[in-house]
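Q: okay, here's the prediction I keep looking at, along with the sequence it came from:
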Amino acid sequence: MVPSDQALYDRMRKGDQEAFAALYERHEPALFRYALHLSGNHFVAEEVAHEVFLHLAGSYIRFDAKRGSLEGYLYGMIRNLVRVLWRKRAFEPKEEQTAPGDVLGDLIHDERTAALYAALRELPDHYRDAIMLCELEEKSYEDAARLLDCPVGTIRSRVHRARILLAARLRPLMAPAGVSGR
Amino acid sequence: MNCRNWIVELVECARTDFEPGADLRQHLEHCPPCRERWDDERNLSARFQTMRAAAPARRQSPAKRAELMREFQSAHQTLIPASLKWSLSIAAVLLLAIALGWAWRNDRGATSNAIEIAENSLADLNKGAEDDDFLPVPYAPPLATGEFVRVVRTELRPIALARMGIDVESYPDEIAADVVLGEDGLPRAVRLLEEKQF
């Protein structure tokens, strides 16, 4: 039987390193991907995901199970850290260099994907959070609602509205040549 | 069913990559705005799908993982179990209480000793003065505990004796005397000497 996040967290707090490693293996890839999609920057995503687990490894973690799930807490930390870096203008996604063989990095530099990332960054925070989780992390509306601590209907509505805004921004790039600007 | 309702359905179809039902297909054929929206949604979904597919190409960094494990070890090695924390806190409070009590008791003992010594000194001084014919000077400030005194032999005029509260009728002229002076230079006691002692 696979132990729950809460069970692993409780063991981890008692000093069980295997439990910490299990949490890392379970959540780090998704958290990195989420940070990458939020920031559009490979280096920033690596650092932010690492920072979240450094915080989790430390003894001053302030997670309270009564206020939500551990997964929601970790995703919240990723969002907050990326936002802080955004506000400080600590990175510019367009200037990033990708490593050879970095499929996602190459994709970020694709014109249409870059435009999509730019459009995602310009979305209001609550729209972006919803669409990142539901479209790029493939979370269900229910899971996203749990992670963002809001009703399922609100998530559905935010995703639909965000898609309208994104589609409008991308229409000139997506349309066949000669049709753009209609 | 109006376009607003169809759009909710077509967005979900585009998101989940489901083919639209017959009713929706029929609506799309006759509604150019909804058809345009359908194309936008499908393009967007295709772009998201490409981005999702590219993401798993990344691998976790072994160096970063090792750093995290070291950090975890160092953070949790120094942690003291909660039960031990309580025991240590209680022990610390008890030790503090004992130390304060001991200090208070010593301080009180020292104070009472000092008072006792001072009282004894003054009593000795008075006693000594009586024994050696020293007359205490009335209204003179008391000597402090451990204060040094010196005895000065001098000749006192009657007016000086009067100031010290000593009856001067018996001593119309200057008279030799030993005067006990405190550290402040004020007289505390006087012994009148007979002529023969000079």
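A: That came through fine. Not measured: the values here are computed from a predicted model. Residues are numbered from 1 along each chain as shown, chains lettered A, B, ... in the order given.
Q: quick one: contacts for the residue lying closest to residue A:24 once chain neighbours are set aside?
A: Once flanking residues are discounted, residue A:24 sits nearest to residue A:53: 5.7 Å by Cβ to Cβ, 6 or more residues apart in numbering or on different chains. From N, CA and C alone the C-beta is placed, and that goes for glycine too. Residues counted as contacts of residue A:53 (Cβ atoms under 8 Å, 6 or more residues apart in numbering or on different chains) are A:24, A:28, B:68.
Q: how about the helices in chain B?
A: B:3-16, B:22-30, B:32-54, B:62-77, B:82-131, B:158-163 (DSSP state H).
Q: those helices into JSON lines, with extra columns for mean pLDDT?
A: Below are the helices of chain B laid out as JSON lines (pLDDT from 0 to 100):
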{"stretch": "helix B:3-16", "mean pLDDT": "86"}
{"stretch": "helix B:22-30", "mean pLDDT": "87"}
{"stretch": "helix B:32-54", "mean pLDDT": "86"}
{"stretch": "helix B:62-77", "mean pLDDT": "86"}
{"stretch": "helix B:82-131", "mean pLDDT": "73"}
{"stretch": "helix B:158-163", "mean pLDDT": "78"}
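Q: I'd assumed residue A:112 was in contact with residue B:47.
A: Yes. If you go by Cβ atoms under 8 Å, residue B:47 and residue A:112 touch, sitting 6.5 Å apart.
Q: show me which of the two is the more surrounded one.
A: residue B:47 (21 against 14; other Cβ atoms under 10 Å in any protein chain shown).
Q: please report the distance of the more buried one from residue A:114.
A: 11 Å (Cβ to Cβ, to the nearest Å).
Q: now do residue A:12
A: Distance from residue A:12 to residue A:114, by Cβ to Cβ: 39 Å.
Q: among those two, which residue is more densely surrounded?
A: residue A:12 (24 against 16).
Q: among the contacts of residue A:53, who's most crowded?
A: That'd be residue A:24 among those, by other Cβ under 10 Å, with 24 neighbours.
Q: element containing that one?
A: Assigned by DSSP states H and E, residue A:24 falls within helix A:17-39.
Q: got a list of what the residue most central in space within chain A touches?
A: With distances taken as Cα atoms, centre = their mean, the residue of chain A nearest its centroid is residue A:34 (2.5 Å). Taking Cβ under 8 Å, 6+ apart, we find residue A:34 in contact with A:75, A:78, A:132, A:133, A:136, A:137.
Q: give the contact list for residue A:31.
A: With Cβ under 8 Å, 6+ apart, residue A:31 has these contacts: A:49, A:52, A:74, A:75, A:78.
Q: report pLDDT for residue A:77.
A: Among the per-residue scores, residue A:77 shows a pLDDT of 92.
Q: ugh, wrong one, residue A:8
A: 92.
Q: C-terminal to the helix or strand bottoming out on mean pLDDT in chain A, what's the next element?
A: Counting by mean pLDDT, DSSP states H and E, chain A has its least confident helix or strand at helix A:103-109, which shows a mean of 58. Next along the chain after helix A:103-109, taking DSSP H and E as the criterion, comes helix A:111-122.
Q: show me which residues of chain B are close to chain A?
A: Chain B has residues B:7-8, B:11, B:15, B:37, B:40-41, B:43-45, B:47-48, B:50-52, B:54-58, B:60-61, B:64-65, B:67-69, B:71-73, B:75-76, B:78-79 near chain A, with proximity defined as Cβ under 8 Å from any Cβ of the partner chain.
Q: need the buried ones from those residues selected in PyMOL.
A: To isolate the buried members of these in PyMOL, using 16 or more other Cβ atoms under 10 Å in any protein chain shown:
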select buried, chain B and resi 7+11+15+37+40+41+43+44+45+47+48+51+52+54+55+58+64+65+68+69+71+72+75+76
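Q: burial check on residue 6, number of neighbours?
A: Went with chain A since none was named. Around residue A:6 there are 12 residues (other Cβ under 10 Å).
Q: could you do chain B instead?
A: Using other Cβ under 10 Å: residue B:6 sits among 19 other residues.
Q: then the one 10 residues further on?
A: The local packing count at residue B:16 equals 8, with neighbours defined by other Cβ under 10 Å.
Q: cool, residue B:106 as well?
A: Around residue B:106 there are 10 residues (other Cβ under 10 Å).
Q: residue B:146 now?
A: There are 9 residues near residue B:146, going by other Cβ under 10 Å.
Q: so chain A: which segments form each domain?
A: A:1-99, A:110-174 (automatic domain parsing).
Q: so which of those domains gets nearest residue B:104?
A: domain A:1-99 (38.4 Å; Cβ to Cβ).
Q: returning to what we had before: looking at the helices of chain B, which is buried most?
A: helix B:32-54 (a mean of 17; mean count of other Cβ atoms under 10 Å in any protein chain shown).
Q: run through the neighbouring helices and strands of that one.
A: Here helix B:32-54 touches helix A:103-109, helix A:111-122, helix A:152-174, helix B:3-16, helix B:22-30, going by 3 or more Cβ pairs under 8 Å, 6 or more residues apart in numbering or on different chains; DSSP states H and E.
Q: give me the angle between it and helix A:111-122.
A: 100 degrees (axes from the mean of the first three to the mean of the last three Cα atoms, to 10 degrees).
Q: what sits against residue A:3?
A: A:11, A:19, A:22.
Q: try 6 Å this time
A: If you count contacts by Cβ atoms under 6 Å, 6 or more residues apart in numbering or on different chains, residue A:3 has none.
Q: and the gap between it and chain B?
A: 17 Å (Cβ to the nearest Cβ, to the nearest Å).
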